[in-house]
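J.: Coordinates for the following, if possible.
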Amino acid sequence: MAHESPAPETSERLDAPDVLEAVRAWLPERRWFPTTADATSVVRVSRTDLGTDEHGAHAVVDLLRVAGTSSSSPLTLQVPLVLEPAGTPPAAVDARGLVAALSDGSRLLDGAYHPAFVSAWLERATWAEGSGAAGGESSSAFSPARFDVRGLHVLTGEQSNTSILLPSVSGGSMLKVIRALAPGQNPDIVVPLALTREGWGGVPAPYAWSETAVDESAATDGGPAGASTGAATSALPRTWTTHTGVLAELVPQARDGFELACDFAREGQPFANPARELGTQVAQMHSALRRAFASEVHEADPEWLLDAMHRRVRSAAGASTAVRSRVDQIEAFLEHMRGVAEEAVRQGRPLPPVQRIHGDLHLGQALYSPQKGWRILDFEGEPLRPLAERTRPDLGERDVAGMLRSFDYASAVGGATSSEWARSARRAFLEGYTGYLSVPGALGFGRPPSLADRVLIRDAFELDKALYEVVYEERNRPSWISIPLDAVDRVLSGLPAPLTSADAGRPSSGA
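T.: Residues are numbered from 1 along each chain as shown. Have a look, this model is predicted:
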């Protein structure tokens with residue numbers, strides 16, 4: 001799809017005040033727009049003009065500034081738009097992609113749904129060497145006709161980004177448009193690239209990506225660029241660069257891991273075999289991350305870990321009556337953990353290292369393909385958190401705990417008739433995970449930590465995660481609070497958690 005220089009009349013039309021007003025009216029219903037934000041105060045930071053296609057559709061990418069509130073920080077959003085002037089043939093675009101029908105008969109559309117934007121993005125992207133696009137040629141040599149975007153389909157359900165299925169690009173691919181932008185390199189691009197370069201195939205291979213430079217001083221109210229509004233931008237540097245999108249391998253016949261697990265639970269089928277394979281895949285991911293980000297691997301500081309957990313316990317107790325009623329037991333558990341950590345230091349017993357991790361791992365961040373097995377997704381973490389927090393090294397047990405919590409939720413949502421479904425899945429996942437770590441060279445660092453120490457640390461992370469869930473459920477879904485509370489009580493009681501048979505004789509993790 002050839003892109004030409006935009007006609008002056010469409011450029012002027014896109015600069016008209018009613019375009020920004022239409023976008024402001026459309027934003028609050030987007031799942032990636034902050035619920036507490038005021039859309040009427042949104043201003044435009046910058047616009048990248050992508051030109052017009054052969055039908056006259058004019059594609060642009062606007063960066064919009066969302067003012068901060070008492071409960072949220074200022075935010076920069078990426079909003080690709082396509083204007084179809086009145087009288088031009090409309091593209092066959094999903095009705096969900098319509099932003100507004102403007103008064104002059106033109107249509108304003110979300111670019112993610114329109115071939116004009118998608119084709120322009122593909123033409124301008126930076127392509128990975130050997131990605132199959134133009135045989136590794138530079139993007140400047142790409143022929144627009146090579147990109148067949150027919151059949152593009154925007155996936156539903158995402159909250160922070162927009163994913164576009166492209167069945168005929170690079171043998172089948174997925175384009176993720178990053179909505180909330182932050183200064184620096186996006187880990188959802190950097191990490192999969194590093195992992196594939198390490199030779200680990202457990203992530204969809206990245207084919208191409210895009211970046212932009214942002215000038216915060218150029219925010220406008222919708223008129224021609226340069227008309228400053230004086231909007232507050234002190235939370236960000238005046239100029240910064242960031243990733244804006246990534247094209248990655250399409251995993252064939254993939255199922256969302258959480259939906260798959262719920263189906264197994266609903267049908268009364270044990271999930272042990274898929275869970276065991278997933279445990280092995282997560283252990284391999286951690287091993288590959290240690291190799292790819294070797295400079296981030298170092299000894300854990302138990303004081304840092306415990307102090308952070310104590311802070312979160314106090315916060316959770318202040319927000320939840322259920323946590324408050326258990327706070328003495330929780331504090332006793334953490335003190336027990338502190339004693340074990342101090343003993344390990346005195347005895348020279350190694351603890352699990354700090355390293356680059358996924359950071360937000362659960363069944364919904366994994367895809368299962370009958371042809372390719374499990375693939376791990378979404379390494380960017382919570383997009384509204386600062387980038388430095390999302391990429392901070394941590395213990396791999398945090399990822400493990402997130403997955404264990406996910407099995408409990410899949411059991412409940414899927415309606416498993418017995419608690420054994422979740423216990424079996426958890427046990428199998430841990431067998432796969434710990435089994436791979438026993439492979440020579442899998443650790444990639446010195447002596448392995450003791451199994452008992454790993455179990456205690458894993459219990460602590462699961463408790464930490466479950467306390468967050470208790471607060472959330474008490475506020476939003478009180479009828480679900482038993483799901484995380486059962487996990488809290490399981491850890492605190494010192495009853496054997498459903499772990500591997502090798503864990504059966506471990507000492508109590510209670511006080």
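J.: Please count neighbours and contacts with C-alpha atoms only from this point.
T.: OK.
J.: now the most centrally placed residue in the chain: how far from Ser450?
T.: Among the residues of the chain, Asp378 comes closest to the average C-alpha position under Cα atoms, centre = their mean, at 3.8 Å. Counting by Cα to Cα, to the nearest Å, the separation of Asp378 from Ser450 is 30 Å.
J.: How about Leu155?
T.: Distance, Leu155 to Ser450, by Cα to Cα: 44 Å.
J.: Now name the helix or strand holding the residue of the chain most remote from its centre.
T.: Relative to the centre of the chain, the most outlying C-alpha is that of Gly87, 40.5 Å out, by Cα atoms, centre = their mean. Counting by DSSP states H and E, no helix or strand carries Gly87.
J.: Contacts only, for it.
T.: Each residue near Gly87 by Cα atoms under 8 Å, 6 or more residues apart in numbering is listed here: 105-106.
J.: Per-residue pLDDT of it, please?
T.: Looking at Gly87, its pLDDT stands at 90.
J.: Repeat that for Leu499.
T.: 37.
J.: now Asp378
T.: Looking at Asp378, the pLDDT reads 91.
J.: Likewise for the one 10 residues further on?
T.: Taken from the predicted model, the pLDDT recorded for Ala388 is 84.
J.: Show me what whatever helix or strand it lives in is packed up against.
T.: Element membership for Ala388 (DSSP H and E) is helix 387-390. Packing contacts for helix 387-390, counted by 3 or more Cα pairs under 8 Å, 6 or more residues apart in numbering; DSSP states H and E, involve no helix or strand.
J.: Quick one: distance of the following helix or strand past it to the chain centre.
T.: Using DSSP H and E, the helix or strand that follows helix 387-390 in sequence is strand 394-395. Computed by Cα atoms, centre = their mean, to the nearest Å, the chain-centroid distance of strand 394-395 equals 17 Å.
J.: helices or strands up against strand 394-395?
T.: Counting by 3+ Cα pairs under 8 Å, 6+ apart, strand 394-395 packs on strand 354-355.
J.: quick one: contacts of the strand it packs on?
T.: Counting by Cα under 8 Å, 6+ apart, 289-290, 293-294, 296-300, 393-396 sit against strand 354-355.
J.: Within the sheet, what are the partner strands of the helix or strand following that strand, with directions?
T.: Next in sequence after strand 354-355, counting helices and strands by DSSP H and E, comes strand 366-369. Note on strand 366-369: by DSSP bridges, its sheet partners are strand 255-256 (antiparallel), strand 373-376 (antiparallel).
J.: pLDDT on strand 366-369, on average?
T.: Averaged over strand 366-369, pLDDT sits at 96.
J.: again with stretch 456-467
T.: pLDDT averaged over stretch 456-467 gives 96.
J.: Report the backbone C-alpha coordinates of stretch 39-52 in PDB.
T.: Output in PDB follows, covering the C-alpha atoms of stretch 39-52 (Å, rounded to 0.1, in the frame of the first residue of the first chain):
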ATOM      1  CA  ALA A  39     -10.300  13.400  28.800                       C
ATOM      2  CA  THR A  40     -11.400  17.000  28.300                       C
ATOM      3  CA  SER A  41      -8.000  18.300  29.400                       C
ATOM      4  CA  VAL A  42      -6.000  16.100  27.000                       C
ATOM      5  CA  VAL A  43      -3.500  18.000  24.800                       C
ATOM      6  CA  ARG A  44      -1.500  17.000  21.900                       C
ATOM      7  CA  VAL A  45       2.300  16.700  22.400                       C
ATOM      8  CA  SER A  46       3.300  15.900  18.900                       C
ATOM      9  CA  ARG A  47       2.100  14.500  15.600                       C
ATOM     10  CA  THR A  48       3.900  12.200  13.100                       C
ATOM     11  CA  ASP A  49       2.500  12.400   9.600                       C
ATOM     12  CA  LEU A  50       2.500   9.100   7.800                       C
ATOM     13  CA  GLY A  51       1.000  10.400   4.600                       C
ATOM     14  CA  THR A  52      -2.000   9.200   2.500                       C
END
